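Q: the sequence isn't on hand, but the structure is:
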């Protein structure tokens, strides 16, 4: 694995810890000793206690589903885009989501104000560079945003390849995370979350998640939600993707297709509890 | 109760009638003798017969759910915002909803045209000042709109406090209604509807209503719908909130969480009938 | 039937073939010999194999439902409106939807770029002139768009009457299709699809389809989807309306109202198969 000196499975949770430098394998911090289920369970409890306010600049297709996912998981969403108001909303929230779907002038202006306000208030934010593989101008805009240091980016493999101009592999993701100092959360059949040193490969989820619009957008919103209660962005991203992955598996058990699945995953997020997360969250 | 000389429970329906002046208790009109269930049942029948057209300026998060709630309840929604078209839409509708969520330039311009057109055509309109507790500029804009005399405002207690700068109590709401000559419909664990003289405190609903985005927005749209068939704004607001509250209770009986609840409340609104409203609508 | 010299039921599928000129009845092409079920079944198979990318300029109310309908049916939706990006999205898709609901400046600008890009790339597009019966300026704009030759327009009878200034009859639709060289797909209790020569009257569907917002918009998106795999716009439109009509019938069997119907129709579109389409698709 290029640029990494050691890769080792943690026997209790299979989170791989990869020190970038040094002659020997080491675990850089205690968080790598937790299982993904423990991380997700602990974050869920903190979310339900703190009810973080999450301001979302997100695409019109995703707004309703994203708001309902956040409410079900225990957060308070807001979604305004107006440049005269957005600073007040961002300044009074706990975390920000910047999603580039249905990007228009209003949203570009809103993003500028929101990201500046987040920096001034030391608020964590998540970038979801939707469809950067379909538009070169959007990819360029996304790269400018990465340089402004979101806590995390969540995207799929095609989007990652277009954004980073590197292959969407664990190696490529970890290298990009180190270079940009941004946690990378790659969604797919397995999810991969890395800060360049720690890598979690998450194995929950269900194929129906790819048949519903805005599932990725909602996952990014959940990363913002957990960032509202956890400043270690790698833990926040891993925990959030475990939450939605486990909820997806539970939803699939009763769904008769993508329509009922979209309903059931909101029910599942609402009723998820610690024991279920501990029992079901798993790594690849 | 400040400014009110008498408060009395109506033995048949518990709607309190509070004459602002005069030495004795009096019932100012016959409507106070109806039960909330009778009001809701009568309005529902008129809606289904007249199929009022309701034009909605509402936030992007709420548009789809609001449209489906209106269709299920028996109205015809329209949602365009374009300043070149909106006058034609408003002039050909029966009532207007002005919701301040996701307020942007397009919506501000649309509101100006729509409210002017409503006044010219003597059409009732409802103001829903979403999140005025989160943005001072939005609260100021909302106050300007209240001065243009909507038939009713529907909002939660935090929004009422920010808008009126008075406590969200029955007294405060009634005083604000008298001062502004606008019916106030306060949503919460119990709903409160007052024109400054009459107060109904409605006890239907379910906690899951707070876990779904746009439930308040949809309630405001139902107030606009009933205003399309009833010019007594206090009756219209009380009946609309009873409709959604009873539908929420029915939906909760089969829901497994907020996702299935959002689906079931639309089903319930569609199948609600007079006997069910008479049996279930209740006051606190 | 004015302007038509002969009308004859095709005994195997009841698609009427109406030569506009000539002394005798004739079948202009083989496609008229297929049943609607055969057309729908063949198109569904091609969609699932090709996974066409459908770019949608559609109204804010319809975006989420439309995206989920397209995903369930087997396509990949995109929805961006930004004038700087939309050319890239349209140039890389297989078909375009132009829906005039919630028409605003952003959408007008997007439509101009998108239609020009579609023409340059010889991509088929569908026009859905929502609510042209409610706005004269929108009707005028829709007429300009018809002159730019969409492959098909899908609309209801009131919209057709306002757009074409002719009655929404089979005759009127066929005459307008010949005049504009655009396939007309009229939705209603029965659907009517004509290119001016061939007419299919489709008898699937369910009254609950009229109680859900964006059902027509989603139907138009399905016409775009089938155009992505079939250049005969009459076959594409007839097949798409059969797909949604059969899915609606299946959904109604388990729905308890419009809320659960909207969920179930997405499930049904996802699970539809060829034998079901052959058994259920029918003409009036």
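A: On my side now, so go ahead. Please read all numbers here as calculations on a predicted model, not as lab measurements.

Q: grab the longest helix from chain A for me.
A: helix A:233-254 (DSSP state H).

Q: just the pLDDT for residue A:47.
A: For residue A:47, the pLDDT comes out at 98.

Q: spit out the contact partners of it.
A: A:73, A:74, A:75, A:225, A:226, A:228, A:229 (C-beta atoms under 8 Å, 6 or more residues apart in numbering or on different chains). Glycine gets a C-beta too; all of them are placed from N, C-alpha and C.

Q: please identify the buried residues of the strand or helix carrying it?
A: Residue A:47 is located in helix A:36-50, with elements delineated by DSSP states H and E. Using 16 or more other C-beta atoms under 10 Å in any protein chain shown as the test for burial, helix A:36-50 gives A:36, A:37, A:38, A:39, A:40, A:41, A:42, A:43, A:44, A:46, A:47.

Q: how far off centre is that helix?
A: With C-alpha atoms, centre = their mean, to the nearest Å as the basis, helix A:36-50 stands 15 Å off its chain's centre.

Q: following that helix, which helix or strand shows up next?
A: strand A:53-57.

Q: now the angle from that next one to helix A:36-50?
A: Here strand A:53-57 runs at an angle of 100 degrees relative to helix A:36-50 (axes from the mean of the first three to the mean of the last three C-alpha atoms, to 10 degrees).

Q: burial of residue A:253, as a residue count?
A: 9 (other C-beta atoms under 10 Å in any protein chain shown).

Q: and the helices in the stretch 51-200 of chain A, which stretches?
A: A:63-73, A:86-91, A:105-120, A:136-146, A:157-164, A:170-180 (DSSP state H, counting those that start in this stretch).

Q: so what touches the second one?
A: For helix A:86-91, the surrounding residues in contact (C-beta under 8 Å, 6+ apart) are A:55, A:57, A:78, A:80, A:96, A:110, A:113-114, A:117-118, A:120-121, A:123, B:131, B:134-137.

Q: repeat that with 7 Å
A: Identification of contacts with helix A:86-91 by C-beta atoms under 7 Å, 6 or more residues apart in numbering or on different chains yields A:55, A:78, A:80, A:96, A:110, A:113-114, A:117-118, A:121, A:123, B:134-136.

Q: for it, buried residues please.
A: Buried residues in helix A:86-91 (16+ other C-beta under 10 Å): A:86, A:87, A:88, A:89, A:90.

Q: picking up where we left off before, so which of the buried residues of helix A:36-50 comes closest to chain C?
A: Checking the buried residues of helix A:36-50 against chain C by C-beta to the nearest C-beta gives residue A:47 as the nearest, at 24.6 Å.

Q: please list the residues of the stretch 151-284 of chain A that sit near chain C.
A: A:211, A:212, A:213, A:214, A:256, A:257, A:258, A:259, A:260, A:263 (C-beta under 7 Å from any C-beta of the partner chain).

Q: if we check chain B, which of the residues you listed are in contact?
A: Near chain B, by the rule C-beta under 7 Å from any C-beta, you find residue A:263 out of these.

Q: farthest pair in the residues of the stretch 151-284 of chain A next to chain C?
A: Distance extremes for these: the farthest pair is A:214 and A:256 at 19.9 Å, using C-beta to C-beta.

Q: more neighbours: which of those two?
A: Neighbour tally, residue A:214 and residue A:256, criterion other C-beta under 10 Å: the higher count belongs to residue A:214, 26 against 16.

Q: how about the contacts made by the closest residue in space to that one that isn't next to it in sequence?
A: The shortest distance from residue A:214 to any residue other than its chain neighbours is 3.6 Å, reached at residue A:62 (C-beta to C-beta, 6 or more residues apart in numbering or on different chains). By C-beta under 7 Å, 6+ apart, residue A:62 lies in contact with A:99, A:101, A:214, A:217, A:218.

Q: now with 10 Å, please.
A: A:56, A:69, A:79, A:97, A:99, A:101-102, A:128, A:130, A:213-218, A:220-221, B:61, C:63-64, C:67, C:79 (C-beta atoms under 10 Å, 6 or more residues apart in numbering or on different chains).

Q: equivalent analysis for residue A:244, please.
A: With C-beta under 10 Å, 6+ apart, residue A:244 has these contacts: A:40, A:69, A:73, A:187, A:191, A:202, A:204-205, A:209, A:215-216, A:218-223, A:251, A:265, A:268-269, A:272.

Q: want to throw the residues of the stretch 151-284 of chain A next to chain C into JSON lines with secondary structure, pLDDT and distance to residue A:183?
A: Shown next, in JSON lines, are these (DSSP: H, G, I helix; E, B strand; the rest coil; pLDDT from 0 to 100; distance: C-beta to C-beta, whole Å):
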{"residue": "A:211", "secondary structure": "helix", "pLDDT": "97", "distance to residue A:183": "27"}
{"residue": "A:212", "secondary structure": "coil", "pLDDT": "97", "distance to residue A:183": "25"}
{"residue": "A:213", "secondary structure": "coil", "pLDDT": "96", "distance to residue A:183": "25"}
{"residue": "A:214", "secondary structure": "coil", "pLDDT": "96", "distance to residue A:183": "22"}
{"residue": "A:256", "secondary structure": "coil", "pLDDT": "98", "distance to residue A:183": "36"}
{"residue": "A:257", "secondary structure": "coil", "pLDDT": "98", "distance to residue A:183": "34"}
{"residue": "A:258", "secondary structure": "helix", "pLDDT": "98", "distance to residue A:183": "29"}
{"residue": "A:259", "secondary structure": "helix", "pLDDT": "98", "distance to residue A:183": "33"}
{"residue": "A:260", "secondary structure": "helix", "pLDDT": "98", "distance to residue A:183": "33"}
{"residue": "A:263", "secondary structure": "helix", "pLDDT": "98", "distance to residue A:183": "30"}
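
Q: nearest to residue B:280, of the residues of the stretch 151-284 of chain A next to chain C?
A: Using C-beta to C-beta, these come closest to residue B:280 at residue A:263, 24.7 Å.

Q: and the nearest residue to that closest one once chain neighbours are set aside, how far from residue A:65?
A: Spatially, and ignoring its direct neighbours in sequence, residue A:263 is nearest to residue B:259 (4.1 Å; C-beta to C-beta, 6+ apart). Remark: distance between residue B:259 and residue A:65 (C-beta to C-beta, to the nearest Å) = 10 Å.

Q: who touches both of those two?
A: A:262, A:265, A:266.

Q: what's the per-residue pLDDT of residue A:29 here?
A: pLDDT at residue A:29 comes out at 51.

Q: ok, now residue A:3?
A: At residue A:3, pLDDT is 31.

Q: again with residue A:242
A: In this model, residue A:242 carries a pLDDT of 97.

Q: residues from the stretch 101-250 of chain A in reach of chain B?
A: A:102, A:105, A:106, A:107, A:109, A:110 (C-beta under 10 Å from any C-beta of the partner chain).
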